[in-house]
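**Q** got a sequence here, can you model it:
(2 chains)
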Amino acid sequence: MFKPKAILAAGIAALCGFTASADAASVISRLNPPSALFTFGDAGAPYIARFLPGQRFDLQCTVQPDTGLTVTSVSFKVDNAVVTGTTNLTTTGLVGGLAANSAVATRYAYSITKPGVHTLTAIATLSDNSVVQAVGNFEIVRVPGIGTLKNVIVMIGDGMGAAHRTAARLVAKGVQQGKANAPLNMDTFPYTGMVETSSLNSIVTDSSPGAACYSTGNKSNNNQQGVFPDDTTDAFDNPRVELIGEFLARKKGKALGIVTTADVFDATPGAFGSHTSNRGAGTGICDQYLDETAVSANLKVLMGGGRKWFLPKATSGSARTNATDYSLPAAQATAWGVAQGAADENRDLLADFQTAGFAYAPTKTDLTTVAPGATKLLGLFTLSNMNVSLDKIGKRRGTSTVVDDYGFPDQPMLDEMTSAALGVLNKNSNGFVLMVEGASIDKQAHNMDTERWILETLEFDRAIGVAKAFAQANKNTLVIITADHECSGAGLIGASVVTNSQLQTRAASGGGAAQLRTGVVGTYDAAGFPVYTIEPDGFPTTTDIDKKLLVGYAANADRYEDWLTNPFPLRDSQQPFNGTAPLNTYPNLPVNRDTTGNFLITGQVSDTTAVHTASDIPLSAFGRGAQNFSGYFDNTEVFFKVMSLFGTR
Amino acid sequence: MPVSQMIEEIGELPALPEGVSELRFKDFYKLPVGPRGLEPAETLKKLDGTKVRLVGYFVFEDWSSCSCPPDSSADTATRKARRPLPAWMKHVVPGRIMMATRPVTVSLGHYGLCDDLPPQVAYLNIASKYGEPVFYRPGLFAVTGTLVVGNKDEPDGRISYVRLAVDSETDVVPVGRIPGSANSAPVPARASAPTATAANP
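**A** Next comes the predicted model:
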């Protein structure tokens, strides 16, 4: 509900800090959990902060005292009842711009079971005995105590919007006379919804809050996962929200699995196993996987790239630094019952995982060997992101050496990782939460590398097939296919009307739009139905067929386009000896790919790659409770829909 | 296209200057990588501290900042910048550029250290670009400098292992034909329709 007048008035009140005395300049400038009541004075729905009965979260406020004053104490009330327990004051390590003697006050690991909307009041007493207070609210969502769901598999195609799904289907299955010849695995899911993806501070989210909404039921600022924003500089001391894995391990003894094709510290996997306001703090995020998540969330499976965070700093290839490590305030660690952590860049995290009972698989071959007998599984197949499917499949076909050049020739595909993960997790009799991410759909869409993200989507869909088969065999399992956001504003604009040979000739001509747009881009009737040949491995023989599918980008950076598959991953000139400028010139446009064709498409954004968009993303559901996932809903609602199937006791 | 294949297309590289050894990316580490970290190859260790020539691609560092928080990892005191860089260059490490065996893009602002860098990366510290950004150039380059091997914290939070101390930009030489240049190695023809498997030879 939007209330402009109320917001204006309340906004002024918020700026004044809801002060108790008219002349006091002291102010409570932030109150967590965030709420429209605190920020805008809007007491109505929708409620920004929503939790499960018994789900833990931190209460926190920032107090900026008037000149010459200090903060002596802070207390919190919920529905006018004083919250018991210690409130900790932090006065150092605060962000710039706050008044002198400001304090951040936190009551850690609060929870309440009574459903409904609750009023949160922060009351700060200052050194002159004046009092300042602020009021916000949060909601405890009513969910059944007893649920019938045992397992959930959350599959996130990072950046995967409707166009990515459609493109994958067109390439893999084809269309004749207006109907797809066959569906993708994700198309066979019986229920589909549309999900709004905005984050706490922007209509356009990044992957941290875009994924954390599914693990916490709450919004975060961009770059933040498992926490609310605060006014300290420490990236790991933010007010926390209990994650789905932590809650279900604590309440029901469920296990957690995290599988990705990215570096395992990346935002989406990190959102299911860490609490930080800095998605880039890889050392701390990976340490938390073992120190916290393996203990409090029963983490049993962690697979992807990112070995560099698990090697002691002195080891070649390590990326561990104290600057990206974590150490919690003692009171926060105690309240949450987790390890405090330490800046220990020389830690051998890989060895520590093995000591904790994790079987380790550095290759696909090892994965095949160790997974069947493992009760805990760690797979780290590259130093950072895993290679993309185009390159992994190329190795298996014996026609590409990219993975050899990277030094990791034996990497598993995502469906193989998913299968291994399910085998391990299914040994936990209490059930599990498994997150599987097709990470490079997003990364290749950023690069506007059409063929690579289409193949990433196909790799993801094959993993979906594995999850679906598991759910068919285990009826108390729910599988959700969704994304964290859309990436690149991809749109299927039609198909080429020329053969591949003709397209190559045009691309080599330097004729620009006259050669690569006019007479090439077929729309409406001219687009027809592109036909790709699919190999037994599930991927196309070639992506440069005659009259191929053409994709445009609404969130694009400047780029040259020739529609042909880029022989190089990522950005560089296909013919690097053309147009090389003198070393001291300024590269005013970093568009170095496909330049020969001279068909420049000017981007709407000034970034050097395409960006995320605020477009809704599709969600498909299969299995127990799937019928709850149709219609339009906010991304945080997915968490509550899942948890209503699990129940909270 | 990896460096080795591109060199084959070009043919012979210019003769090595006296006292300079050829260092190849394949000489960095033992491949394939074992179950833990990287193991430096004997060639790399043997050439440590000597003048070497390395042929490779610059890494394209996307400096756009997305919505990332202030860069607390970059120690500006150690950057020794001659003058402050504009805000949009906050991820720039002055005087440095990375070189790899393949064309590759990294985006510290978007992804932090979650990247697609191959393990074989050399960090070029160019003395004549002291305090200034080193701008990306497409194409293949031969760089001559003193090889320094060993872990070192970089100002952007990375840890380098192979570094080249390069005196001047003149030690960074494009390989292949430059428009208007007498250096006229033929431009390789575009590969015929790249297949899904052969797109990345």
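
**Q** lowest-confidence helix or strand of chain B?
**A** Lowest mean confidence among the helices and strands of chain B (mean pLDDT, DSSP states H and E): helix B:76-79, at a mean of 42.

**Q** is stretch A:193-208 in proximity to chain B?
**A** Yes: residues of stretch A:193-208 contacting chain B under Cβ under 8 Å from any Cβ of the partner chain: A:202, A:206. Heads up, the C-betas are built off the backbone N, CA and C, glycines and all.

**Q** quick one: which helix or strand includes residue B:122?
**A** strand B:121-126 (DSSP states H and E).

**Q** following element in sequence after that strand, please.
**A** Following strand B:121-126 toward the C-terminus (DSSP H and E): strand B:140-153.

**Q** about what we covered before: what lines up beside the strand holding residue B:122 in the sheet?
**A** Paired strands of strand B:121-126, with direction, are strand B:96-100 (antiparallel), strand B:159-166 (parallel) (DSSP bridges).

**Q** tell me the strands beside the next helix or strand after the longest one, with direction?
**A** Think strand B:159-166. Note on strand B:159-166: by DSSP H and E, the next helix or strand toward the C-terminus is strand B:172-174. Looking at strand B:172-174 with DSSP bridges, its partner strands are strand B:140-153 (antiparallel).

**Q** mean confidence for the partner strand?
**A** In this model, strand B:140-153 carries a mean pLDDT of 94.

**Q** equivalent analysis for stretch A:194-208, please.
**A** 96.

**Q** got the end-to-end distance for that stretch?
**A** Separation of the first and last residues of stretch A:194-208 by Cα to Cα, to the nearest Å is 20 Å.

**Q** and that stretch, what's buried?
**A** Using 16 or more other Cβ atoms under 10 Å in any protein chain shown as the test for burial, stretch A:194-208 gives A:195, A:196, A:197, A:198, A:199, A:200, A:201, A:204, A:205, A:206, A:207, A:208.

**Q** what's the farthest-apart pair in the residues you listed?
**A** Farthest pair in these (Cβ to Cβ) is A:195 and A:201. Separation: 18.5 Å.

**Q** for residue A:162, which residues are in contact?
**A** A:486, A:617, A:618 (Cβ atoms under 8 Å, 6 or more residues apart in numbering or on different chains).

**Q** residue 130: neighbour count?
**A** Let's take chain A. Using other Cβ atoms under 10 Å in any protein chain shown, residue A:130 has 17 other residues around it.

**Q** ah, no, chain B please
**A** Residue B:130: 12 neighbours (other Cβ under 10 Å).

**Q** that one contacts residue B:94, correct?
**A** Yes: counting by Cβ atoms under 8 Å, residue B:94 is a contact partner of residue B:130 at 7.3 Å.

**Q** out of the contacts of residue A:162, who's the most crowded?
**A** residue A:486 (28 neighbours).

**Q** relative to residue A:626, how far out is it?
**A** Going from residue A:486 to residue A:626 by Cβ to Cβ, to the nearest Å gives 22 Å.

**Q** please apply the same query to residue A:329.
**A** In terms of Cβ to Cβ, residue A:329 sits 41 Å off from residue A:626.

**Q** ends of stretch A:200-210, what's the gap?
**A** 10 Å.

**Q** likewise stretch A:374-390?
**A** Length of stretch A:374-390, first residue to last, Cα to Cα: 30 Å.

**Q** what do you get for stretch A:216-230?
**A** With Cα to Cα as the measure, the ends of stretch A:216-230 fall 17 Å from one another.

**Q** in strands, which of the buried residues of stretch A:194-208 appear?
**A** A:195, A:196 (DSSP state E).

**Q** narrow the buried residues of stretch A:194-208 to those in helices?
**A** Of these, the ones assigned to helices by DSSP state H are A:207, A:208.

**Q** OK, contacts around the residue located most distally from the centre of chain A?
**A** The C-alpha centroid of chain A is most remote from residue A:128, which lies 45.9 Å away (Cα atoms, centre = their mean). For residue A:128, the contacting residues are residue A:69, by Cβ under 8 Å, 6+ apart.

**Q** cool, and residue A:412?
**A** Counting by Cβ under 8 Å, 6+ apart, residue A:412 has contacts A:363, A:364, A:367, A:379, A:381, A:420.

**Q** for the closest residue to residue A:168 other than its chain neighbours, grab phi and psi.
**A** In this structure, residue A:168 finds its nearest non-sequential neighbour in residue A:457, 3.8 Å apart by Cβ to Cβ, 6 or more residues apart in numbering or on different chains. Backbone torsions of residue A:457, given as degrees, to the nearest 10, read phi -70, psi -40.

**Q** from memory residue A:457 sits against residue A:438, does it?
**A** Yes: Residue A:457 is within contact range of residue A:438, at 7.0 Å (criterion: Cβ under 8 Å).

**Q** higher neighbour count, these two?
**A** Neighbour totals were compared for residue A:457 and residue A:438, and residue A:438 leads with 32 against 29 (other Cβ under 10 Å).

**Q** poorly predicted segments of the chain, please.
**A** Using chain A. A:1-24, A:567-592 (pLDDT under 70).

**Q** looking at chain B here, not the other one
**A** Residues of chain B that meet the cut-off, pLDDT under 70, sit at B:1-12, B:63-90, B:176-201.

**Q** and the closest residue to residue A:207 other than its chain neighbours, how close does it get to residue A:417?
**A** The shortest distance from residue A:207 to any non-neighbouring residue, by Cβ to Cβ, 6+ apart, is to residue A:267 (3.6 Å). Distance, residue A:267 to residue A:417, by Cβ to Cβ: 19 Å.

**Q** between the two, who's got more neighbours?
**A** residue A:267 (32 against 29).

**Q** thinking again about what came up before, if you compare the strands paired with strand B:121-126, which one is most tucked away?
**A** Counting by mean count of other Cβ atoms under 10 Å in any protein chain shown, strand B:96-100 has the highest mean neighbour count of the strands paired with strand B:121-126, with a mean of 23.

**Q** who touches it?
**A** Residues contacting strand B:96-100 (Cβ under 8 Å, 6+ apart): B:25, B:54, B:56-59, B:61, B:106, B:117-118, B:120-126, B:134, B:136, B:141, B:143, B:154, B:164.

**Q** and for stretch A:332-351?
**A** By Cβ under 8 Å, 6+ apart, the list of residues contacting stretch A:332-351 from outside reads A:56, A:58, A:85, A:88, A:106, A:108-109, A:236-237, A:240, A:283-284, A:286-288, A:290-292, A:295-296, A:307, A:309-314, A:320-322, A:325-328, A:330, A:360, A:378, A:380, B:36.
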